[in-house]
Every structure is written in C-alpha cells, then in structure tokens.
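Enquirer: sequence unavailable; structure follows:
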C-alpha cells in the first residue's frame, strides 16, 4: 500500500463498472464514467438513484462490491484510505462542524494533525475565511452554534479547502438552505470554483442547480447511469423518458414567448434596501446578520445601484460609503417581455435584474433559473 501525497493535478478520474448492493437492493449497478480534470461534474437523480453512493466510492467511504476507481491511472485501493480522504475535499449538507471547537479550530484541525505550526495554521484559516467572505476578525473565534446555516456552510467549504486538494466531493451542500440563500451561495461558489481551478464531483437533486454549476451532468436512475452530457445536450437531446422528465425544459417553458417579467420576478423586502450614505462597515453588519445576497442602494427615493454581499465584505476595511461601491444594474419593468430581457441579461453575464414599476419604485428582482439561459 502506497502512502498518498496531495495530488498536484487531476488529469482523469475513472469509475469503471462500479456496483454496490445492500442485501436485495442494488444501490449502484455497473456504473462507468470518466471525470475530466478541472471540470465540475454533477451527479443528479431522485432519492435512491445511487448518486451519493457513487460519490462516496471515490473517497472510499463506501467500498464497491465490484469495479474500480482510478485517479490519474492509479487504483485508489493502492492508497492508504485515511491519507486519501485527507487529500480530497469533502463537503456535505450536514456540514459536520465540531460544536466544541471554534471556527478557526474547525478549519485548522487537519493541518494541526499534519504537524503544521500555529502561525501557518492561523494564516491559512485567515486566508480561507476571507475567500468565503466571513471576516476572520469576526468569525474565527465564533462557535458553530453562533452561526447561521449559510455561515456554517461557508465554514464547511473553507475546511474542505484547507489542504488545497485537487479534488472536491460535494454532497448536496446547499440542500438545506432557503431558496434565496441557496442561489446566493451558488453564485459565490461559482467564483470560488473559477479561482481554485479544481476538479469537483457534485451531487444534487435540483436540476436548476445542476445547470447553473455543472460543466457536465450525469443523470442517474435506480442505480444506473442514464445519460451524461452538457446542459444543452440534455435539454435538446434527451435519450430517455427519465431524462426528458427530469429536465422538463420544453414543457416547463413551452409558452415562454408569452411570459413577462412579472411571471418570474420575486418581491423585495425592506431588508434588501440600503442608503447610499451608509458606511460599508455598517452595511456589512446588516448584510451578515440577515444573509441577504444583494443590497439595493438608494439615495432617498432614487435608485443609486446595487452591490453584493461579497463586495461589501471585501471592502469592509476601506473608508467608503455604500454608494461608492455600487454598480448600475439591469432594470426592467413587470410588463417587459421575458425573452428579450433574458437575452440582454445573458449578453451582459448578469444573473439578476431589478424590477421597477410605472411609479419608478423598485418592487422586485428577476433571478431566472439556469434552464432558461440554455433554451433562449
């Protein structure tokens, strides 16, 4: 058995004829697929489809009854399983933070076991908390019970990143969060994904999340791999009824040309509105306390612009007002036809637009799901 060292890169992960049974139940049946180095591959399917079992066979939390997993051509059974897991980032829905440890100690646990010095650990924890937009001076000493669900999920992601692994396994990491916070974390995770440039296998049951995050999507049903492809391939060329049912794009948006912005917009509450003359430090305290993903910045009754939670956190140490870090948003009216608006948003790479009524009031936000961007 070989002692594993951190993978410098992932060129290829091969899952070859994996099968796993529990008594009379076949959880995974003869699954074979290749994961390309640097991609985010999504495993999606309903309950009992075998997606989580397949994921856990990659880091040997579950051993297959038959079949092989290879990383860069090497059978993972040749590696010590503990060392293997320490060099694969693993993020789950339940997070699994140790309640008796503060955030800094939770993130720094594996480096401590690996013999890192305190200064090195503290520097890495500080770096990662900045990356996931949790100011370290505020959050490093807090305990899990003092964190919101979204904050705990960010800590879980930071902990998975701590050893700088080349491979991440993520099992429904955003599944327990409310829809608005879930979309916000998806956006933040996309930024982190591009920054770290790692290989990711991601399990979800949500097709919109799969389309938003995935480079390719692997659809599973009753333990079998049904189809694998890009979002466009799945939408326009489903190979089975299960795929067509899961994607549901043509039926869901069959009459998309008749939709208006009003049909998909979400109302805004008072908590999303901020004054342009508010200090960024004050805005940060507000946006951290309610997990709002975006700040609508006003000057009296006039719209100044918008800024994100991420932008506020990253400018917290500068002597700025909120109006100094706003950008001009795409604005639409409830009566606007949806397709031209989506085309404009896609061209400008915008994930949201503000909805303004005839009286000039900001009344809502348009955050279309990812399926729409693949069919317009």
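Expert: That came through fine. For clarity, every value in this text was computed on a predicted model and none was experimentally measured.
Enquirer: how many other residues sit next to residue 245?
Expert: 11 (other C-beta atoms under 10 Å). The C-beta positions use only the backbone N, C-alpha and C, and glycine is treated the same way.
Enquirer: so it lies in a helix, does it not?
Expert: Yes - counting by DSSP: H, G, I helix; E, B strand; the rest coil, residue 245 is part of a helix.
Enquirer: quickly find the element holding residue 67.
Expert: Counting by DSSP states H and E, the element that carries residue 67 is strand 66-71.
Enquirer: same question, residue 355
Expert: strand 353-356.
Enquirer: which strands and helices sit next to that strand?
Expert: On a contact count with 3 or more C-beta pairs under 8 Å, 6 or more residues apart in numbering; DSSP states H and E, strand 353-356 meets helix 261-264, strand 302-308, strand 331-332, strand 362-366.
Enquirer: ok and the longest one relative to strand 362-366, angle-wise?
Expert: Just to be clear, that refers to strand 302-308. Angle, strand 302-308 to strand 362-366, by axes from the mean of the first three to the mean of the last three C-alpha atoms, to 10 degrees: 30 degrees.
Enquirer: residues of strand 302-308 that come out buried?
Expert: Neighbour counts over strand 302-308 (16 or more other C-beta atoms under 10 Å) mark 303-308 as buried.
Enquirer: and residue 99, how many neighbours?
Expert: Quick note: residue 99 (other C-beta under 10 Å) scores 8 neighbours.
Enquirer: how far away is it from residue 136?
Expert: Distance from residue 99 to residue 136, counting by C-beta to C-beta, to the nearest Å: 20 Å.
Enquirer: packing partners for the top helix by length along the chain?
Expert: In the chain, with assignment by DSSP state H, the single longest helix is helix 179-196. With contacts taken as 3+ C-beta pairs under 8 Å, 6+ apart, helix 179-196 sits against helix 149-161, helix 207-213, helix 309-314.
Enquirer: present those as a markdown table; the columns should include mean pLDDT and mean neighbour count.
Expert: As requested, those are exported to a markdown table (pLDDT from 0 to 100; neighbours: other C-beta atoms under 10 Å):
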| stretch | mean pLDDT | mean neighbour count |
| --- | --- | --- |
| helix 149-161 | 88 | 22 |
| helix 207-213 | 89 | 22 |
| helix 309-314 | 91 | 20 |
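Enquirer: need those helices in TSV (columns: distance to residue 334).
Expert: Output for these, formatted as TSV (distance: least, C-beta to C-beta, whole Å):
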stretch	distance to residue 334
helix 149-161	29
helix 207-213	22
helix 309-314	26
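Enquirer: nearest residue to the middle of this protein?
Expert: Centre of the chain computed as the mean C-alpha position; nearest residue by C-alpha atoms, centre = their mean is residue 186, 3.7 Å away.
Enquirer: ok, and the closest non-adjacent residue to that one?
Expert: Nearest-residue entry for residue 186: residue 212, 5.6 Å, with adjacent residues in sequence omitted and distances by C-beta to C-beta, 6 or more residues apart in numbering.
Enquirer: so what's that neighbour up against?
Expert: Residues in contact with residue 212 (C-beta atoms under 8 Å, 6 or more residues apart in numbering) are 186, 190, 369-370.
Enquirer: can you name the residues in contact with the longest helix of the chain?
Expert: With C-beta under 8 Å, 6+ apart as the criterion, helix 179-196 contacts 40, 131-133, 149-150, 153-154, 157, 161, 174, 177, 200, 209, 212-213, 266, 291, 293-294, 309-310, 351, 367.
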